[in-house]
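Colleague: fold the stuff below for me.
(one chain, ligands or ions: 1)
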Amino acid sequence: MTIPSRVKLVEVGPRDGLQNEKQTVPAAVKIELVHRLQAAGLKEIEVTSFVSPKWVPQMADNAEVMAGINRQPGVRYSVLTPNLKGFEAALLSKPDEIVVFGAASEAFSQKNINCSIAESIERFAPVVAAARAAGIYVRGAMSCTVGCPYEGDVSPERVSYLAGLMKSIGVQHVGVADTIGVGTPLKVQRAVEATLKHFDINDVSGHFHDTYGMALANTLICLQMGVWQFDASVAGLGGCPYAKGATGNVATEDVVYMLHGMGIETGIDLDKLIDAGQFISDFLGRPTNARAGKALFNKRNS
Ligand SMILES: CC(C)(COP(=O)([O-])OP(=O)([O-])OC[C@H]1O[C@@H](n2cnc3c(N)ncnc32)[C@H](O)[C@@H]1OP(=O)([O-])[O-])[C@@H](O)C(=O)NCCC(=O)NCCSC(=O)C[C@@](C)(O)CC(=O)[O-]
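Modeller: The predicted structure is shown next:
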């Protein structure tokens, strides 16, 4: 398999990145972040989630954020919907895409969405059917595909099982997530191979947290397998509130730096992306987690 010449990055910073922040991030700041990300050339942005505000208070302003975005033609805006209640609320905000989110580990499914894997699929099925009937594209996020904070290692068979269930209810694309960033390249390869039993390579993406500094290595092995779609989070923000000990997602700036260095097109302006990362890091009052972002920012300002 030759390495793809072009990669699509899905920016998950406004959702995955900010959902775990303890300090309230006002809707206006989230909206400004989305505007900066789209100005940097991101064509797909995961904006927010329509989940219970008791479970994830930071996403309670979902409708306000969606309503405040000055939508750019050619940019797709996605939101997470765990159930019909969330989907019906999301529909009013006219997302281009919705994301149902399940887990390859039973314990994580219980902790994150309060139901078993089988129950989650029963809940997702009518959401997927309603979304597709409304012409909305459906992605499925598959958490804990290599490791779980509660169960430890997760086997490729569990990943294949979940991917098969997602396929059976009409999910169009799945993201192979290393929720707690414990994956190493060969483990990630096996999780992706298990997913490819059910989904075409063009319908599979990688979603890597960088807890152990493995996210770029895991991205690289996926590229070598022909995967060309990845989630990433500006400034390396992120972490799931129900995944203890996990740090942020791989930083979009670092992925872009690596891809451009390999001659792979992304359509992203790295300078503008670094500014977007600096904007949100300044708001949060801490340095960026993007290593290439930080190095290039310092170089530019020295
Ligand atoms: C799924 C539930 C709702 C089940 O939670 P539950 O408590 O079992 O739900 P319920 O149906 O029994 O309802 C309880 C209350 O929540 C309300 N409710 C019910 N649904 C909704 C909704 N959609 N929006 C707003 N409110 C809702 C419902 O109306 C009721 O309100 P009350 O009567 O108590 O006032 C809950 O567990 C939940 O919201 N979980 C979300 C957790 C979450 O967002 N986690 C982070 C996203 S996943 C992630 O980050 C991983 C990913 C995708 O990035 C990939 C990776 O790295 O692994």
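Colleague: what's near enough to touch Met59?
Modeller: Arg15, Gln19, Thr48, Ser49, Phe50, Val51, Pro53 (Cβ atoms under 8 Å, 6 or more residues apart in numbering). The C-beta positions use only the backbone N, C-alpha and C, and glycine is treated the same way.
Colleague: Serialize these to TSV and add fields for distance to the ligand and pLDDT.
Modeller: Conversion of the contacts of Met59 to TSV gives the following (distance: Cβ to the nearest ligand atom, whole Å; pLDDT from 0 to 100):
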residue	distance to the ligand	pLDDT
Arg15	8	97
Gln19	6	95
Thr48	10	98
Ser49	5	98
Phe50	5	98
Val51	3	98
Pro53	6	97
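Colleague: can you pick out the most distant pair from these?
Modeller: Arg15 and Pro53 (14.4 Å; Cβ to Cβ).
Colleague: more crowded one of the two?
Modeller: Arg15 (27 against 12; other Cβ atoms under 10 Å).
Colleague: which residues of the stretch 151-300 of the chain lie near the ligand?
Modeller: Residues of the stretch 151-300 of the chain that fall close to the ligand, judged by Cβ under 6 Å from any ligand atom: Ala177, Thr179, His207, Cys240, Tyr242.
Colleague: recalculate using a threshold of 5 Å.
Modeller: Residues of the stretch 151-300 of the chain lying near the ligand by Cβ under 5 Å from any ligand atom: Ala177, Thr179, Cys240.
Colleague: show the pLDDT at the first one.
Modeller: Looking back up the chat, that one is Ala177. At Ala177, the predicted lDDT confidence score is 98.
Colleague: how about it, what does it touch?
Modeller: Ala141, Met142, Ser143, Cys144, Thr145, His207, Phe208, His209, Asp231.
Colleague: skipping adjacent residues, who's closest to it in space?
Modeller: Of all residues not flanking Ala177 in the chain, His207 sits nearest, at 4.0 Å (Cβ to Cβ, 6 or more residues apart in numbering).
Colleague: check which element follows the strand or helix carrying that neighbour along the chain.
Modeller: Following DSSP states H and E, one finds His207 within strand 204-208. As assigned by DSSP H and E, the chain's next helix or strand after strand 204-208 is helix 215-225.
Colleague: so for that following helix, what gets flagged as buried?
Modeller: Using 16 or more other Cβ atoms under 10 Å as the test for burial, helix 215-225 gives Ala215, Leu216, Asn218, Thr219, Leu220, Ile221, Cys222, Leu223, Met225.
Colleague: and what of stretch 76-91?
Modeller: Using 16+ other Cβ under 10 Å as the test for burial, stretch 76-91 gives Arg76, Tyr77, Ser78, Val79, Leu80, Thr81, Pro82, Asn83, Gly86, Phe87, Ala90, Leu91.
Colleague: and the helices in the stretch 151-300 of the chain?
Modeller: For the stretch 151-300 of the chain, the helices defined by DSSP state H, counting those that start in this stretch occupy 156-168, 185-196, 215-225, 252-261, 270-284, 291-300.
Colleague: as TSV, these with mean pLDDT would be great.
Modeller: TSV is the format used below for these (pLDDT from 0 to 100):
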stretch	mean pLDDT
helix 156-168	98
helix 185-196	98
helix 215-225	98
helix 252-261	98
helix 270-284	97
helix 291-300	94
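Colleague: highest mean neighbour count out of those?
Modeller: helix 252-261 (a mean of 23; mean count of other Cβ atoms under 10 Å).
Colleague: and it, what does it pack against?
Modeller: In this structure, helix 252-261 packs against strand 8-11, helix 215-225, strand 229-232, helix 270-284, helix 291-300, with contacts taken as 3 or more Cβ pairs under 8 Å, 6 or more residues apart in numbering; DSSP states H and E.
Colleague: cutoff 6 Å now
Modeller: helix 270-284, helix 291-300 (3 or more Cβ pairs under 6 Å, 6 or more residues apart in numbering; DSSP states H and E).
Colleague: returning to what we had before: need the max-distance pair from the buried residues of stretch 76-91.
Modeller: Between any two of the buried residues of stretch 76-91 (Cβ to Cβ), the greatest distance is 22.3 Å, for Arg76 and Asn83.
Colleague: show the pLDDT at the most far-flung residue of the chain relative to its centre.
Modeller: Using Cα atoms, centre = their mean, the residue of the chain lying farthest from its centre is Ser302. It sits 33.0 Å away. Looking at Ser302, its pLDDT reads 87.
Colleague: distance of it from Leu296?
Modeller: 11 Å (Cβ to Cβ, to the nearest Å).
Colleague: what helix or strand is the closest residue to Gly102 other than its chain neighbours on?
Modeller: With sequence-adjacent residues excluded and distances taken as Cβ to Cβ, 6+ apart, Gly102 is closest to Ser120, at 4.8 Å. Here Ser120 sits within helix 117-133, counting by DSSP H and E.
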